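K.L.:
test case, fold it:
(2 chains, ligands or ions: 1)
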Number of protein chains: 2
Amino acid sequence: MTTSTESRLTQQLAFLLEIDKLKQVLRRTLILDGSRQENDAEHSWHVAMLAAILHEHAPDPKPDIARIVRMLLIHDLVEIDAGDTFAYDTRGYQDKEARESAAASRLFGLLPEDQALEWRALWQEFEDGDTPEARYAAALDRLQPMLHNFHTEGHSWKKHGVTHSQAVARLRVLEHAIPPLWTFAMDLLRQSVERGYLKEE
Amino acid sequence: MTTSTESRLTQQLAFLLEIDKLKQVLRRTLILDGSRQENDAEHSWHVAMLAAILHEHAPDPKPDIARIVRMLLIHDLVEIDAGDTFAYDTRGYQDKEARESAAASRLFGLLPEDQALEWRALWQEFEDGDTPEARYAAALDRLQPMLHNFHTEGHSWKKHGVTHSQAVARLRVLEHAIPPLWTFAMDLLRQSVERGYLKEE
Ligand SMILES: [Ca+2]
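P.N.:
The predicted structure follows:
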């Protein structure tokens, strides 16, 4: 093994061991049987699966699915340092960007420099939401907790008094990124109001 | 939304909700802080990350990383029905193939037929281990629990009395799939014997 290979491997393994901590970042949503909170690592796996399985529903030209899957695998890594900011927590959102940017520097900075730049740019692309890939990824990142809320009787919606219009606004990115899922989601949100999972106004 | 789109979406969402159960399949390994057992969903996320980050160490011609990542995302899905068979459990291995094949039929069978065939074939490719992609994926699927064992003082090795030669045999696929990682892993296994994590013979 060359010195360069060995030194790259050491950095890469340090990163890969550090990101194990994503398994301990708890989210507001429950897993589907309602037994416990979901963590960010299993959420990242689940949204990557949603992205792969539902790809045909993205409008043509299809966004690059390999890039989307990579993006979703790392989209929440910064929460290892910055924590999970609840989607409807307006106060937590004030310094979210600064906290997450510092986290990205530290975490991706564990990698060899070329990889640090590449993966940090991919995370930034997700955050900026300006490419078709980033928008498709964001749409599924929002659909997944909605599905979990619906199937756990609105657990985190009820707990935090989320309204129908707040949930609609949160899912808006679906409208153009994955049109059939937008229709589907709007139907589920209407049912959620009827069942008392979401507040009417 | 056309009827065909709606019916495909219904099947796809049934599959995507069903696989949430992977979050409840517990493994023998602990997460790195030793606080609890790892589950198959977060393990799948973690090995997909290992695959992406360590890809440069695969010999040329490089195996297709997008295919590998997809493979790793679904490689353990069958354990939703078949359970996790411990790597060193020779009895459990006797009917493992039949149990996992039935599980694959049921789970991938939830998808629209074209996708059911595609994803089941990808899982079968992983199981068969005959392509460079399958071998690279298998190598990381074995490296990850080794790293977890090493960093949790040999937790599941000690619990099950695993020997150095058993662990070496288990990791053998690394030798040709990712040569620098084979060297690295053999070094870690020697250290594991010295530290009393693994039995000598
Ligand atoms: Ca397994």
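K.L.:
ok, residue A:140 - how many residues close by?
P.N.:
Residue neighbour count, defined by other CB atoms under 10 Å in any protein chain shown, stands at 26 for residue A:140. Where you see a C-beta, it was placed from the backbone N, CA and C, and this is true even at glycine.
K.L.:
to clarify, my last question referred to residue A:172.
P.N.:
13.
K.L.:
can you map out the strands along chain A?
P.N.:
Taking DSSP state E as the test, the strands found in chain A are A:26-30, A:37-39.
K.L.:
can you list these in TSV and add distance to chain B, mean pLDDT and mean neighbour count?
P.N.:
Putting these into TSV (distance: least, CB to the nearest CB, whole Å; pLDDT from 0 to 100; neighbours: other CB atoms under 10 Å in any protein chain shown) gives the following:
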stretch	distance to chain B	mean pLDDT	mean neighbour count
strand A:26-30	10	95	19
strand A:37-39	7	98	20
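K.L.:
possible to save those as JSON lines with distance to residue A:137?
P.N.:
As requested, the strands of chain A are arranged in JSON lines below (distance: least, CB to CB, whole Å):
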{"stretch": "strand A:26-30", "distance to residue A:137": "17"}
{"stretch": "strand A:37-39", "distance to residue A:137": "18"}
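K.L.:
compare those strands and report which one is nearest to residue B:103.
P.N.:
Ranking the strands of chain A by proximity to residue B:103 (CB to CB) places strand A:37-39 first, at 22.9 Å.
K.L.:
what lines up beside that closest one in the sheet?
P.N.:
strand A:26-30 (antiparallel) (DSSP bridges).
K.L.:
any idea how far the partner strand is from the chain center?
P.N.:
A distance of 12 Å separates the centroid of the chain from that of strand A:26-30, by CA atoms, centre = their mean, to the nearest Å.
K.L.:
what comes into contact with that strand?
P.N.:
A:36-40, A:43, A:84, A:86-87, A:145, A:148-149, A:152, A:155-156, A:159-160 (CB atoms under 8 Å, 6 or more residues apart in numbering or on different chains).
K.L.:
mind listing what the spatially most central residue of chain A touches?
P.N.:
Compute the mean C-alpha point of chain A, and by CA atoms, centre = their mean the closest residue is residue A:141, 4.1 Å away. Shown in contact with residue A:141 (CB under 8 Å, 6+ apart): A:47, A:72, A:75.
K.L.:
from residue A:85, how far off is the closest residue in space to residue A:76 that isn't next to it in sequence?
P.N.:
Distances taken as CB to CB, 6 or more residues apart in numbering or on different chains place residue A:40 nearest to residue A:76, at 4.5 Å, with adjacent residues excluded. Counting by CB to CB, to the nearest Å, the separation of residue A:40 from residue A:85 is 12 Å.
K.L.:
grab the longest helix from chain A for me.
P.N.:
helix A:132-151 (DSSP state H).
K.L.:
quick one: that one to chain centroid distance?
P.N.:
Using CA atoms, centre = their mean, the offset of helix A:132-151 from its chain centre is 7 Å.
K.L.:
now the angle between strand A:26-30 and that helix, please.
P.N.:
Interaxial angle, helix A:132-151 versus strand A:26-30 (axes from the mean of the first three to the mean of the last three CA atoms, to 10 degrees): 60 degrees.
K.L.:
can you tell me how far residue A:133 is from chain B?
P.N.:
Noted for residue A:133: a distance of 13 Å to chain B, by CB to the nearest CB, to the nearest Å.
K.L.:
and residue A:146, how far from residue A:162?
P.N.:
Residue A:146 sits 10 Å away from residue A:162, going by CB to CB.
K.L.:
just the mean pLDDT for stretch A:79-94, thanks.
P.N.:
Here stretch A:79-94 scores 78 as its mean pLDDT.
K.L.:
that one near chain B at all?
P.N.:
No. Using CB under 8 Å from any CB of the partner chain, we find that stretch A:79-94 stays clear of chain B, coming within 12.1 Å at best.
K.L.:
outside of that stretch, which residues touch it?
P.N.:
Defining contact as CB under 8 Å, 6+ apart, one finds that stretch A:79-94 is touched by A:18-19, A:21-22, A:25-28, A:40, A:76, A:96, A:99-100, A:102-103, A:106-107, A:142, A:145, A:156, A:160, A:162, A:166, A:170.
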